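Peer 1: 3D model of this:
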Amino acid sequence: MKVRNVDLELISNSRNESCIQVTINNEFSGSAGSDNLNTIMKEMPNVSINFLNKILNKGLNGWDVNNLKDVFEIEELLLSYDGTRNLGKIGSNFLLALDFALLKMASNNDVLKLLSKRFSKVPQHMCNCIVTNYTEKSRRFQEFFIMPKVKKFTDGYFANSFIYSRLRNLLKNSERTDEGSFVTELKNESVLLLLEKVIGETTKKLGVEFSLGVNFNSENIYGKGNYKVGKQSFSLNEFLKEINKLISRFDVDYLEDTLNKENISEVKKVKSSYVSGNKIFNGDLENLKKYAKYFNCCVLKLNEVGSLKMLKKIADFCKNNDISLVLEQNLGETNDISNVDIAVGFDFDFVKYGVHGKERIMKLQELKRIEQEL
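Peer 2: Numbering: from 1, shown residues only. As a prediction, this is how the structure comes out:
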């Protein structure tokens, strides 16, 4: 199908921030949201919407887009125009929004079949549920996830929603993070005890077993050689001992951002099934290659990667090196469900999404629909 016209406009994401929506041929629209409080003015300080509209309509008019390779060629054109390593001129969210619109046009709104004709599974659902020691401004926190031990995404999504609803009643606190986690003043061990209790009740009721995940957010809690968790301060060895005690006691299968970059060689002492990196990789393939030997799991936000072609390279690298892939939600989400189609098409192992907010629910429902088709 040929590109006849391109239209850019500003829409609001789930945080009520401005982000770009790209519409091609008045029919195929894409939007990627935003993250880390990026507004359109921060992301594109030197480029106006009208200017981008003119550039895109001039450069893409008549371009035939029928497959993923064609989308990659347009990406390369824009990356060449941008000329910066981090998409400093045009912004990663704009490029992804254009990618999503192009994918929809090339596939006539069947993005998944364009990405992969042989997909055989849907990523499992890892659910954000509770956050402790939380300060929104500095993003200092520890976050807890529930992970059903099931084969089907639909079963896991239902079980996670059941527990999430139960936690809402027990915590009696309506405050939530953007990711959907309930904010609590409980200490980490008290949170794990609460989750253990609710999981036990749910297992009896639904017949589903669970493991747990924890994001220690080490980059934001580390300073002067110590890890500060709430009011406690731990040396490296004390922190590792505390982590492994929690793993052993509470069936913690997944740990994310456990140690600061300075201590990264010690991360192999962590005894969980999934030792995951997020901020240390930051969606960068070179960082992933540098630190991959310490991890068996990688968390990605699409707008941190910025380019669909680069995402494909990262996904292929992880699969070739036995590194599990986790798609993480943005802080600012839109109604566009393309990112979960990409997670299925590029063979991600998990999606890490809270069950709160219509934009996130739409994506989880799309995964449920895909699994039903399978």
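Peer 1: Identify the residues contacting Ala101.
Peer 2: Ala101 makes contacts with Val22, Thr23, Ile24, Phe28, Ser29, Gly30, as judged by Cβ atoms under 8 Å, 6 or more residues apart in numbering. Bear in mind the C-beta positions are built from the backbone N, C-alpha and C, glycine included.
Peer 1: Can you say which helix or strand has the second one in it?
Peer 2: When secondary structure is defined by DSSP states H and E, Thr23 falls within strand 18-24.
Peer 1: could you give the mean pLDDT of that strand?
Peer 2: Throughout strand 18-24, pLDDT has a mean value of 92.
Peer 1: Touching the helix or strand just after that strand from outside, list them.
Peer 2: Next in sequence after strand 18-24, counting helices and strands by DSSP H and E, comes strand 28-31. Residues outside strand 28-31 that contact it (Cβ under 8 Å, 6+ apart): 11, 13, 19-23, 96-105, 109, 334-336, 338.
Peer 1: Distance to Met310 and neighbour count for the contacts of Ala101 - can I get that in TSV?
Peer 2: As requested, these are exported to TSV (distance: Cβ to Cβ, whole Å; neighbours: other Cβ atoms under 10 Å):
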residue	distance to Met310	neighbour count
Val22	19	25
Thr23	24	19
Ile24	22	24
Phe28	22	21
Ser29	23	20
Gly30	17	24
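Peer 1: I'd like the residues you listed as a markdown table, with distance to Gly345 appended.
Peer 2: Formatted as a markdown table, the contacts of Ala101 follow (distance: Cβ to Cβ, whole Å):
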| residue | distance to Gly345 |
| --- | --- |
| Val22 | 20 |
| Thr23 | 22 |
| Ile24 | 20 |
| Phe28 | 17 |
| Ser29 | 19 |
| Gly30 | 15 |
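Peer 1: name the helices or strands packed onto the lengthiest strand in the chain?
Peer 2: Taking DSSP state E as the criterion, the chain has its longest strand at strand 124-135. Packing contacts for strand 124-135, counted by 3 or more Cβ pairs under 8 Å, 6 or more residues apart in numbering; DSSP states H and E, involve strand 140-148, helix 153-171, strand 182-184, helix 188-206, strand 350-352.
Peer 1: Which elements pack onto the helix or strand containing Leu364?
Peer 2: Using DSSP H and E, Leu364 maps to helix 358-373. With contacts taken as 3+ Cβ pairs under 8 Å, 6+ apart, helix 358-373 sits against helix 153-171, helix 338-345, strand 350-352.
Peer 1: So which of these is nearest Glu366?
Peer 2: Proximity to Glu366 (Cβ to Cβ) singles out helix 338-345 among the helices and strands packed on helix 358-373, at 5.3 Å.
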